[in-house]
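S.K.: sequence plus the predicted model coming up.
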Amino acid sequence: MGVVSLARVHTVVYEVDPHHPDEEIIARCAEVIKRGGLVAFPTETVYGLGASALNPEAVAKVFEAKARSKGNPLIVHISRLAQVDPLVTQIHPKAELLMKMFWPGPLTLLFPKSGQVLDIVTAGLPNVAIRLPDHPVCKVLIDACGLPLVAPSANLSGRPSPTSAQHVLTDLDGKVDIILDAGPTHIGVESTVLDVSKESPVILRPGAIGREEIEAALESIGSPGQVLVDGGGPGGSFGPEAEAEAQAEAEVQAPGAHYRHYVPKAALYLATGTPVEQRQKIIFHALKLAFSGTEVAVLASEENFRFFRPLEDMAKGLVHVSILGSRSRLSLVAARLYSAIRCAEAVGAQIILAETFGLEGIGLAIANRLEYASQDKQLPEFDQDEVAQIEVEAEAGTQAETHLEPLEQPAGATGGSGRSDKSDESGKDAGPINVTPLSLLMVCTGNTCRSPMAEGIFRKSWKEAGAPYPINVASAGVGAVPGFPASKEAVESMRRMGVDISEHLSAPVSHESLRAADMVIAMTQSHKQALLAKYPEFGYKVVTLSEISPEAGGDVIDPFGKSQEEYDKTAQILEKSLKSLVKVLAGQ
């Protein structure tokens, strides 16, 4: 029947039962593969792009469809242990044990290749990578073909690996003959690639089988010892002197070890530290980015999700939070990781902020993929000296000066739409990542009662929360005359709360003060509308207090000209609302 052309094809998607796939459909797919075509199918890890491992033209089409370098070797997939012997010249005793214990399963082993293995499969290298997947659809397909298959992840090279048929279709529509849709894969990250040819086995690519499991398996046959991890990533076992040599060796042996994979279109940054430190970093940067008009996605642990959820409402739909899974159940985090990254791109995120997890078990693979996806970008640590300086300035009764160079108004942000045009598809220039203080501007009418009270209460409450990161807070009025002190009733209400605003002098809202602020918090809807009418270019950063802190119960009514009791009521409303806001901002 000849070899299928490399030209664009009509991709057909067949839905099949993941446990009992239709025999006729499987036979059709096998025929396509045997005549040199490409079929994408599910494995327990990710979807694979299958072709005959014995047909050089078919293998070449895999590289072309994925835009994958031919210097990056492929893994050969089999359905039965007996299929190993014709492909190798030797089976190491440790490999034999691991095959019995972990196959079928997500473990890839390196063997000295036989003459039956094509050079294009191994990139001309002496070893061949082989695995026996644990998925019914994959098994019956390889059986129906009657030959081994190459099956790298069914995505464009460099993109997050596909864990659903839709992901495959997004990347490879028109480049693959058939996609077998058997639902989402259940592991979600690729197989572990292991070299057992040395005295101490080396993990060349972390995957679903953890280092601890391999060590336990080897110990069970009287071969205890440390399983090393290639020094080029998280959990690396090699010292500085050996790392370069180990990396170079891994680069010429392991599929996927040399090439940067899993990189999303959006710029991805990792939060490090304790779970509390991670959520505080993410809250800080998510708000700074969102209130500059940048679309942000957060990849959250189940434990921290509730602290991030309010950001979605506060930031007018510019923050999107996805749950990866619990820190105590990393298998679920792995299963959702690639899908969550693709979902973040689908909602238009320009920046992705991701939590990081422990390195035990499959956690090592999660860390490896996140490191590649981020290209080593991490959210910076907070400058505690700067936090302390802001506290000193606040205690001195002075308005902490914002040292942040005001963000340029994002292109396309008008009238409070909150959305900005992307500078390019990569998202690399979508927004600044720095730890200059988060700048808040409280706004009322005359800047002599509500907004200075809000400024003072927020400062006090933030200090009481431990001031986990630097925040500058100031106040102004849409109709303020400069230089007026706070009203005596406002000063008295604040004194009763332990807040001193006696040195406050009123200031009108200005173009510059709005430029410098990350978030502008209006006391009422009328204040917000006045700001939007006069300064529509800053609409993406203007909110009312009740919009970000429902405890306000609506507009904060002006007590000006009323009794001390009315001022005290207003102060209590502000305190309740701002303490709630502080809890959100502090991740508490």
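M.R.: Thanks, I have the structure now.

S.K.: what is the least confident helix or strand in this protein?
M.R.: Lowest mean confidence among the helices and strands of the chain (mean pLDDT, DSSP states H and E): helix 240-251, at a mean of 42.

S.K.: now the strands for the stretch 451-588 of the chain?
M.R.: Using DSSP state E, counting those that start in this stretch, the strands of the stretch 451-588 of the chain run over residues 471-477, 519-522, 542-544.

S.K.: which residues are in contact with Leu330?
M.R.: Leu330 makes contacts with Phe357, Gly358, Glu360, Gly361, Ile362, Gly363, Ile366, as judged by CB atoms under 8 Å, 6 or more residues apart in numbering. Placement of C-beta: from N, CA and C, glycine included.

S.K.: gap between it and Lys34?
M.R.: For Leu330, the distance to Lys34 equals 39 Å [CB to CB, to the nearest Å].

S.K.: same thing with Val227?
M.R.: Counting by CB to CB, the gap from Val227 to Lys34 is 38 Å.

S.K.: give me the domain ranges for the chain.
M.R.: 12-189, 267-374, 384-402+437-586 (automatic domain parsing).

S.K.: make TSV out of the ones you listed and add distance to Pro201 and mean pLDDT.
M.R.: Output for the domains of the chain, formatted as TSV (distance: least, CB to CB, whole Å; pLDDT from 0 to 100):
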stretch	distance to Pro201	mean pLDDT
domain 12-189	7	97
domain 267-374	14	95
domain 384-402+437-586	43	89
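
S.K.: redo those domains as JSON lines? Include distance to Lys198.
M.R.: Output for the domains of the chain, formatted as JSON lines (distance: least, CB to CB, whole Å):
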{"stretch": "domain 12-189", "distance to Lys198": "10"}
{"stretch": "domain 267-374", "distance to Lys198": "19"}
{"stretch": "domain 384-402+437-586", "distance to Lys198": "45"}
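
S.K.: among these, which is nearest Ala208?
M.R.: Closest of these to Ala208 is domain 12-189, at 3.6 Å (criterion: CB to CB).

S.K.: what residues are up against Ile557?
M.R.: Contacts here follow CB under 8 Å, 6+ apart; on that basis Ile557 touches Thr524, Thr570.

S.K.: give me the number of residues near Ala82?
M.R.: Per other CB atoms under 10 Å, the neighbour tally for Ala82 reads 8.

S.K.: likewise for Ile221?
M.R.: Counted with other CB under 10 Å, the neighbours of Ile221 add up to 14.

S.K.: test my guess that it contacts Leu98.
M.R.: No: counting by CB atoms under 8 Å, Ile221 does not reach Leu98; the two are 9.8 Å apart.

S.K.: can you map out the strands along the stretch 201-350 of the chain?
M.R.: 202-205, 228-229, 267-270, 296-301, 319-325.

S.K.: mind putting these into a markdown table with distance to Val556 and mean neighbour count?
M.R.: Formatted as a markdown table, the strands of the stretch 201-350 of the chain follow (distance: least, CB to CB, whole Å; neighbours: other CB atoms under 10 Å):
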| stretch | distance to Val556 | mean neighbour count |
| --- | --- | --- |
| strand 202-205 | 56 | 26 |
| strand 228-229 | 56 | 22 |
| strand 267-270 | 35 | 22 |
| strand 296-301 | 28 | 27 |
| strand 319-325 | 25 | 23 |
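
S.K.: so what's the spatially most central residue of the chain bridging to?
M.R.: In the chain, the centroid-proximal residue (CA atoms, centre = their mean) is Ala354; its distance is 3.9 Å. Each beta-bridge partner of Ala354 is listed here, defined by DSSP bridges: Leu270, Leu299.

S.K.: residue contacts, it?
M.R.: Applying CB under 8 Å, 6+ apart, we find Ala354 in contact with Leu268, Tyr269, Leu270, Ala271, Val298, Leu299, Leu370, Ala373, Ser374.

S.K.: now swap in Leu353 and tell me
M.R.: Residues in contact with Leu353 (CB under 8 Å, 6+ apart) are Leu268, Tyr269, Ala271, Ile282, His285, Ala286, Val296, Ala297, Val298, Leu299, Leu379.

S.K.: out of these, the closest to Leu585 would be?
M.R.: Nearest to Leu585 among the contacts of Leu353: Ala286, at 10.6 Å, using CB to CB.

S.K.: wait, the closest one touches Val298, no?
M.R.: Yes: using CB under 8 Å, Ala286 makes contact with Val298 at a distance of 6.0 Å.

S.K.: if I look at those two, which residues touch both of them?
M.R.: Common neighbours of Ala286 and Val298 (criterion: CB under 8 Å, 6+ apart): Phe308, Leu311, Val319, Leu353.

S.K.: skipping adjacent residues, who's closest to the third one in space?
M.R.: By the measure of CB to CB, 6 or more residues apart in numbering, the closest residue to Val319 outside its immediate chain neighbours is Leu311, 4.4 Å from it.

S.K.: was I right about the one you found contacting Arg279?
M.R.: No: counting by CB under 8 Å, Arg279 is not a contact partner of Leu311; they are 10.5 Å apart.

S.K.: who's more crowded, those two?
M.R.: Using other CB under 10 Å as the criterion, Leu311 and Arg279 rank with Arg279 on top: 26 against 22.

S.K.: distance-wise, check that one relative to Phe305.
M.R.: Distance, Arg279 to Phe305, by CB to CB: 10 Å.

S.K.: Leu141: what secondary structure?
M.R.: Classification of Leu141 by DSSP: H, G, I helix; E, B strand; the rest coil places it in helix.

S.K.: neighbours of it, how many?
M.R.: Counted with other CB under 10 Å, residues neighbouring Leu141 total 29.

S.K.: next: Thr544.
M.R.: 22.

S.K.: follow-up on the earlier one: neighbour count: Val227 and Lys34, which is higher?
M.R.: With neighbours defined as other CB under 10 Å, Val227 and Lys34 compare such that Val227 has more, 21 against 17.

S.K.: packing partners of the lengthiest helix in the chain?
M.R.: Longest helix in the chain by number of residues (criterion: DSSP state H): helix 564-586. When contacts are defined as 3 or more CB pairs under 8 Å, 6 or more residues apart in numbering; DSSP states H and E, helix 564-586 packs onto helix 275-290, helix 305-314, helix 450-464, helix 488-496, helix 545-548.

S.K.: most packed of those?
M.R.: Per residue and on average, the most neighbours among the helices and strands packed on helix 564-586 fall to helix 450-464, with a mean of 25 (mean count of other CB atoms under 10 Å).

S.K.: who touches the residue nearest to Ile471 when sequence neighbours are not counted in this structure?
M.R.: Among residues not flanking Ile471 along the chain, Leu438 sits closest, at 4.8 Å (CB to CB, 6+ apart). Contact analysis of Leu438 by CB under 8 Å, 6+ apart lists Phe284, Leu287, Lys288, Tyr469, Pro470, Ile471, Asn472, Asp518, Met519, Leu585.

S.K.: gap between Gly105 and Ala530?
M.R.: Look at Gly105 and Ala530: by CB to CB, they are 64 Å apart.

S.K.: what's near enough to touch the residue nearest to Val319?
M.R.: Ile283, Ala286, Leu287, Ala290, Val298, Val319, Val321, Val584.

S.K.: need the nearest residue in space to the fourth one, chain neighbours excluded.
M.R.: So the one you mean is Ala290. Ranked by CB to CB, 6+ apart and with sequence neighbours excluded, the top spatial neighbour of Ala290 is Ala315, at 3.6 Å.
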